[in-house]
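> with the input below, show me the fold.
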Amino acid sequence: MTASDSVSIFTEGTFEEQIQELVLYIGRDKSEEEQAAFLKPFQDALEAQGSDAEHEQRRRTVFQKVLGEVKTLGDGSEKEMEGFFNLLFAHLLSLWPVNSAETKAHVTTLLHVISSAHSADESIKYRVLSNLFNALPRRSALRLPVYNAILRVASITGDLAEIRESQAVIERWLSEWEISTEEKSEFWKGLADTYVNEPEASYDYILSYLQSLPASSPAAKTAAIDAIAQALRLPSIFNFDPLFKIDAVLAAKDHELFSLLHIFLNDGFPEFNAWAESHNATFATYGLDRAQLERKVRLLTLASLCFQNAGKDISYSTIASALQIEPSEVERWVIDVIRAQLLTGKLSQTSQTLRVIRAKARTFERAQWEVLESRLVAWKQGLSSVLQVVSTARATQKKAPVVVVKEKDNKEDSVGTAVAQDTA
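The predicted model follows:
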């Protein structure tokens, strides 16, 4: 949440004068006589005499009365609405400690008023709530309910994409906010539910939610199966390796979806077909589309084949055999895997080959490190050969004879030099 352009129109005057301005704003729809009657109890309370401690308590009591009259955003302009609530927030955070039960209760009440109020332009709610979020100390636990309120407003207005924060920002917030581990987990789950209509964003939050849970908890097992199913369902998800790094997923190794996930991480189309034949009812149970899964596993199989042969040519027949397709379909599948950003390469219809430039590995374990090592060794040997050729060329150039050529001009003689190079 970036800093908002906070606007305050009640910045001058004493506490008593500012309270009067707040009360007049609340009662601005009343007649002059009604306004005077509405304002009088507040004036009387502020004018009462007493000790410093009694004066401080009186200020809190009067402010609580003001808060009790806040039922809507008010009838002012958006600038006035924003200024009114900015002043409320400023007094609220100055009259009580930020972590006190009173502050929490008052913030909860204000969040309900702001979120449920009717407004011709819902964006004013977002600005007011953003101002409150930014007014709270960075470590305050109250930032959590305020941001949840912002999410609810953005969900209604269709602005979720615009306010979405990166995983890194949210992780930083959760490390700062003084909230429990359970509250952090619920926050991740709430984000996943809020962004349900943006499946890829929701999936990222599901992974974070899953990582925040104890691996042995019942909630973790349920969340792990849901995460696997979500990853398999989404046509754009090809990287399943992060799932296998989560303890809760590994704890679900006896589940039927775990064995399917293992195929997508390590195996190919034949293994998928074998699994599908023995788990036919599972597709409907978890909302999985078999045709879509067949496509994904073929693309991953092709990507793995290309990773193993980076920098080389692969024949159409080899690709067709690996994917169990006709050779005439190879080019279409290669184009699909390039579009999925799993491969960079060039097709040759003349030689019926695919030249692999780059390819992504499904996982990066010992076998992938060994492949990378062999490529680095080959690259190093290639560089050594190039350096040897350059060194030989330089040595040859130094040994070449120097020929002095004398040219005669009508006005004066000039001497020029030319280097005769051995072109043999």
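
> alpha carbons only for contacts and neighbour counts from here, please
Will do.

> who does the helix or strand harbouring residue 24 touch, helix- and strand-wise?
Here residue 24, judged by DSSP states H and E, is contained in helix 15-26. Applying 3 or more C-alpha pairs under 8 Å, 6 or more residues apart in numbering; DSSP states H and E, one finds that helix 15-26 contacts helix 32-47, helix 52-68.

> 6 Å instead, please
Judged by 3 or more C-alpha pairs under 6 Å, 6 or more residues apart in numbering; DSSP states H and E, helix 15-26 is in contact with no other helix or strand.

> what bridges to residue 355?
Counting by DSSP bridges, residue 355 is bridged to residue 313, residue 346.

> hang on, the earlier thing: what is the mean pLDDT for the helix holding residue 24?
Mean per-residue pLDDT for helix 15-26: 90.

> got it, and stretch 92-111?
pLDDT averaged over stretch 92-111 gives 95.

> in the helix holding residue 24, which residues are buried?
Neighbour-count burial for helix 15-26, counted by 16 or more other C-alpha atoms under 10 Å, picks out 16, 18, 19, 20, 21, 22, 23, 24, 25, 26.

> now do stretch 64-84
Neighbour count says stretch 64-84 has 66, 67, 70, 72, 73, 74, 78, 80, 81, 82, 83, 84 buried, by 16+ other C-alpha under 10 Å.

> same check, this time on stretch 209-229
So for stretch 209-229, counting by 16+ other C-alpha under 10 Å, buried means 209-213, 215, 220-221, 223-229.

> and stretch 23-43, how far apart are its ends?
Taking C-alpha to C-alpha, to the nearest Å, stretch 23-43 runs 10 Å from one end to the other.

> residue 357 - that's part of a helix, no?
No. Secondary structure of residue 357 (DSSP: H, G, I helix; E, B strand; the rest coil): strand, not part of a helix.

> what sits closest to it if chain neighbours are left out?
With C-alpha to C-alpha, 6 or more residues apart in numbering as the measure, residue 345 is the residue that lies nearest to residue 357, at 4.9 Å, once sequence neighbours are left out.

> what of residue 181?
residue 212 (7.7 Å).

> for that neighbour, give me phi and psi.
phi -80, psi -10 (degrees, to the nearest 10).

> check the gap between it and residue 248 for me.
10 Å.

> kindly report the same for residue 34.
In terms of C-alpha to C-alpha, residue 34 sits 63 Å off from residue 248.

> neighbour count: these two, which is higher?
Using other C-alpha atoms under 10 Å, the more surrounded residue of residue 34 and residue 248 is residue 248, with 26 against 12.

> re earlier: OK, contacts around the residue nearest to residue 357?
355, 356, 357 (C-alpha atoms under 6 Å, 6 or more residues apart in numbering).
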